[in-house]
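Q: Using only what follows, build the 3D model:
(chains A and B)
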Amino acid sequence: MSKRKIPIAPYIFIAPAILIFLLFIVVPAMEGFLQSLFTRGIIVRQDIPALRSRFVGLFNYQKLVSDPRFLTAFGKTILFTLITVPSIMVVSLSLALLLQEKIHGVGIARAMVYWPSMISPIIIGIAWRWILGYDTGILNYFLTLFHIDKQPWLIDNARAFISVIVVSIWAQTGFFMVIFIGGLNTIPDSYYEAARIDGANKWQQFSGITLPLLRPTTLLVLVLSTINAFKVYQLVTVLTSGGPGRATAFLVQNIYEEAFSKPLSVGYAAAQSVVFFFVMLLLSIAQFKLSKEESV
Amino acid sequence: MKRRFLLASIFLLVVGIFAFGQAQKELTALWFYDDPSELEFLNKKAAEYSTSHPGVTIKVNTVAYNDLFTRLTQLVAGNNPPDIVKLTDIRPEIEPFILDLSKYHGKDFLKPFIPGVAAALNREGRILGAPLDVTANGIILNKTLFDKAGVAIPSKEKAWTYNEFLQAISDVKKKTGALYALVWDVTPHRWSTYLFENGGSFYDSTGRKSNFNSPAAIQALRGFADMFDKGYIPKSIWIGSENPRDMFFSGQAVAWMSGSWQVKAMLDNIKNFEWTAGPNPYVTTRSSVLGYKFVSAFSTSKYPDIAADFIKFFTSKENNSDYAKSLMTIASRTDTGTINYGNAQASSALNNLAYELAISPLPASTDIANPVMGYVWNTVKENVIAVLTKTKTAEQAAAAINAQIEDSLRIVYGK
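A: Residues are numbered from 1 along each chain as shown, chains lettered A, B, ... in the order given. From the prediction side, this is the model:
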């Protein structure tokens, strides 16, 4: 009986990636979970009474359920994600379809759409603040030139929320458009030729060929844009500082403020991060499962 | 012969490397700054110190003020704090790691400094830092617009009530076509000026009990919102995120609530109108708010004696005087004499602001120095905005701020 040889080479090749994943993802995640079981500050020293940590079990998680500040930020994050993700997918796919054509000047058009995704979210926030500002914004200046009243783009709760969504879509669409173009290029032209011979119109070609064959790319865009939407922080902080009031304060901002501006609240902020982590994990699993079921 | 030469060379090289390693003592300084000339000043003084102390170098790492606390706590948590740091307050988490300068310079080290600031840095006999400068919150006025409108600015001794002040800036706005009557820095520290001007305070005289659920505090929250509702202050500043400094610098605002640290920037950047500072308006009490920056060292430093010595050097009478003069700040020492800022406009503004500070009530300095304050500012800002956006009444906002103060006091002092 011959002994089955286990190949070592593949494991050696993936070892660095696994090591990095363990060191920078798994270990900090576990550390975060551990911290969430304590009442503690940023610095812990058991020999200094004011800096001691205290084990509180699941108390921080109980506290979350009745904390209106956390629940509001969490609800707003979900609403933001529910609006932003489908919008990004529709806009970026539309642009990809439009700019996939080999027409004159398409390269420049693609570069212009892609350009915002190369800029730091902080710069984007500052630029849009200059555009949308009530008293000093360029957009309101142009409105007044046409005798239209200035609009409270960043002062009114609802409009500030919408402004953040629009700017987020603008900032990310180019990146996802490029991914969609990559996906579209993998679909053989012969499928479309056959469909045309059979008399399929543009919509029938899109719904019968493009969408089904683009499913893996769509899933990738769905997962990445959902993660991005949940993580939104820098852009919003610069654009609205979470305001007016807390109208655009999302989960990551809430976690940051909890950890760094309140005493002994790092454990509680860690509990919020753990919830955030599990929501993201569940969403990713659900999305992958859904795509698997569809492809069977 | 060749072998001997080779051995001697290796020996000299090893000794040289060893000696170099022994002689070089590098200290790191974590610094934030508003004006690039401050960095130049620090580097110049660090170089002077290195010249007089061969083998010692001060490496300066810079940080944005908004990131200072986060960065510092991360460095301390990672057992890698800087040797020297410029601060505006000492949070309770950091305090145990701060070097007690009295061990190096004696209990009277802070005696030559302004008493209010010196007291804030003296925690039960432990000297936690040396003051660099003093700041005063205050009203900056566009003097050109006042002159154009023919509206008089009262003397600093007489000052004006808020009613008189708001009437005056409205008149100026109307007569000159300025866009904004009053702009106000979006910080709870600047808002607190109005709290003290209403006779309110954050804490009682012991500093261990909240005094925020008071009629004066509620009135301050309500009165501040009134100034927005009546159109004196544009809502886009506090409710949106527009910059009051830009509005004033552009010459479109009649008055600006900010402070003494803006003097140099105004002098460097405002060329098309004349400005002046104060007098601050008042409701019941004339007040500015004390602010200060100071330099501290960490007890974890490899060279605590050098760090303490550098702080003494950097805040000496001569250097403090130079610092105040070149950065146009109010000197933190009382023995520097009158500083000649070399510019009449700047000197007048700084003198006016220093006067406002001198006549301010005690809580305008002691409350700000309370170690708990770092945990309270964010809640103050949120609740002031909540009153402006009508999501809370002044009473509800005062109760929320009061609760945060009580909670923080309980956590920090264990009561």
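
Q: how about the strands of the chain, start to end?
A: Defaulting to chain A. Taking DSSP state E as the test, the strands found in chain A are A:38-39, A:54-55.

Q: hm, I was asking about chain B
A: Per DSSP E, chain B carries strands over the ranges B:25-31, B:56-62, B:84-87, B:122-123, B:126-127, B:130-142, B:160-161, B:180-184, B:253-259, B:275-277, B:281-282, B:290-297, B:330-331.

Q: residue contacts, the residue of chain B found nearest chain A?
A: In chain B, the residue that lies nearest chain A is B:S236 (3.7 Å; C-beta to the nearest C-beta). Bear in mind the C-beta positions are built from the backbone N, C-alpha and C, glycine included. Contacts for B:S236 (C-beta atoms under 8 Å, 6 or more residues apart in numbering or on different chains) come out as A:133-136, A:152, A:154-155, B:242.

Q: again, 6 Å this time
A: B:S236 is in contact with A:134-135, A:155, B:242, counting by C-beta atoms under 6 Å, 6 or more residues apart in numbering or on different chains.

Q: which residues of the stretch 301-415 of chain B fall in helices?
A: B:304-314, B:317-327, B:344-358, B:363-369, B:373-388, B:394-413 (DSSP state H, counting those that start in this stretch).

Q: how about the residues of the stretch 1-150 of chain B near chain A?
A: Listed as neighbours of chain A in the stretch 1-150 of chain B under the rule C-beta under 6 Å from any C-beta of the partner chain: B:70, B:73, B:76-77, B:92-93, B:96.

Q: Just send those residues back as a markdown table, with neighbour count and pLDDT too.
A: Shown next, in a markdown table, are those (neighbours: other C-beta atoms under 10 Å in any protein chain shown; pLDDT from 0 to 100):
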| residue | neighbour count | pLDDT |
| --- | --- | --- |
| B:T70 | 15 | 88 |
| B:T73 | 20 | 89 |
| B:V76 | 21 | 90 |
| B:A77 | 16 | 86 |
| B:P92 | 21 | 83 |
| B:E93 | 25 | 85 |
| B:P96 | 15 | 89 |
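
Q: From the residues you listed, which land in helices?
A: Residues of those located in helices (DSSP state H): B:70, B:73, B:76-77.

Q: What ranges does the stretch 151-296 of chain A have for its helices?
A: Using DSSP H, counting those that start in this stretch, helices in the stretch 151-296 of chain A cover A:157-185, A:189-197, A:202-205, A:211-213, A:215-231, A:234-239, A:251-261, A:266-295.

Q: Give the buried residues for the last one.
A: Read it as helix A:266-295. Residues of helix A:266-295 classed as buried under the neighbour-count rule (16 or more other C-beta atoms under 10 Å in any protein chain shown) are A:266-276, A:279, A:283, A:291.

Q: Same check on the fourth one?
A: Within helix A:211-213, the residues that qualify as buried are A:L213, counting by 16+ other C-beta under 10 Å.

Q: can you check the third one too?
A: Using 16+ other C-beta under 10 Å as the test for burial, helix A:202-205 gives no buried residues.

Q: Run through who's touching it.
A: If you take C-beta under 6 Å, 6+ apart as the criterion, helix A:202-205 is touched by A:192, A:195.

Q: how distant is that helix from the center of its chain?
A: Its chain's C-alpha centre lies 31 Å from the corresponding centre of helix A:202-205 when counted by C-alpha atoms, centre = their mean, to the nearest Å.

Q: is stretch B:404-415 anywhere near chain A?
A: Yes. Counting by C-beta under 6 Å from any C-beta, chain A has neighbours in stretch B:404-415: B:408, B:411.

Q: quick one: average confidence on that stretch?
A: Regarding stretch B:404-415, the rounded mean pLDDT is 84.

Q: just stretch B:372-385 next, same as before
A: Stretch B:372-385 shows a mean pLDDT of 92.

Q: got a pLDDT number for residue 249?
A: By default, I'm working from chain A. A:A249 carries a pLDDT value of 93.

Q: please go with chain B instead
A: Predicted confidence (pLDDT) for B:F249: 96.

Q: what about it, neighbour count?
A: 19 (other C-beta atoms under 10 Å in any protein chain shown).

Q: Give the ranges of residues in chain B that sit below the confidence cut-off.
A: For chain B, the stretches flagged by pLDDT under 70 are B:1-23, B:415.

Q: what about 80?
A: When residues are selected by pLDDT under 80, those of chain B lie in B:1-23, B:414-415.

Q: what do you get for chain A?
A: Flagging of chain A using pLDDT under 80 yields the residue ranges A:1-6, A:46-50, A:102, A:287-288, A:290-296.

Q: how deep is B:I127 tucked in, by neighbour count?
A: Neighbour number of B:I127 under other C-beta under 10 Å is 25.

Q: Flag every residue of chain A that's near chain B.
A: Within chain A, the positions near chain B by C-beta under 6 Å from any C-beta are A:41-43, A:48, A:50, A:129, A:133-136, A:154-155, A:241, A:244-245, A:260-264.

Q: Now the residue of the stretch 51-200 of chain A at minimum distance from chain B: phi and psi?
A: When scored by C-beta to the nearest C-beta, the stretch 51-200 of chain A has A:Y134 as its residue closest to chain B, at 3.7 Å. Dihedral angles of A:Y134 (phi, psi; degrees, to the nearest 10) stand at phi -70, psi -50.

Q: contacting residues around it?
A: A:Y134 makes contact with A:152, A:155, B:236, B:240 under the criterion C-beta under 6 Å, 6+ apart.

Q: From chain B, how far off is the residue sitting nearest the centre point of chain A?
A: In chain A, the centroid-proximal residue (C-alpha atoms, centre = their mean) is A:N228; its distance is 1.2 Å. For A:N228, the distance to chain B equals 22 Å [C-beta to the nearest C-beta, to the nearest Å].

Q: Quick one: neighbours of the closest residue in space to that residue that isn't next to it in sequence, just the number.
A: Spatial nearest neighbour of A:N228, excluding adjacent residues (C-beta to C-beta, 6 or more residues apart in numbering or on different chains): A:Q172 at 6.3 Å. Neighbour count for A:Q172, taken as other C-beta under 10 Å: 27.

Q: Tell me how chain B divides into domains.
A: When chain B is parsed with automatic domain parsing, its domains come out as B:20-134+B:291-345, B:136-290+B:354-413.

Q: mind putting the ones you listed in TSV, distance to A:V65 included?
A: Shown next, in TSV, are these (distance: least, C-beta to C-beta, whole Å):
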stretch	distance to A:V65
domain B:20-134+B:291-345	28
domain B:136-290+B:354-413	20
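
Q: winner for burial among those?
A: With neighbours taken as mean count of other C-beta atoms under 10 Å in any protein chain shown, these reach their highest mean count in domain B:136-290+B:354-413, at a mean of 20.

Q: Now for A:V232: which residues touch it?
A: A:F250.

Q: Distance check, it against A:F250.
A: 6 Å (C-beta to C-beta, to the nearest Å).
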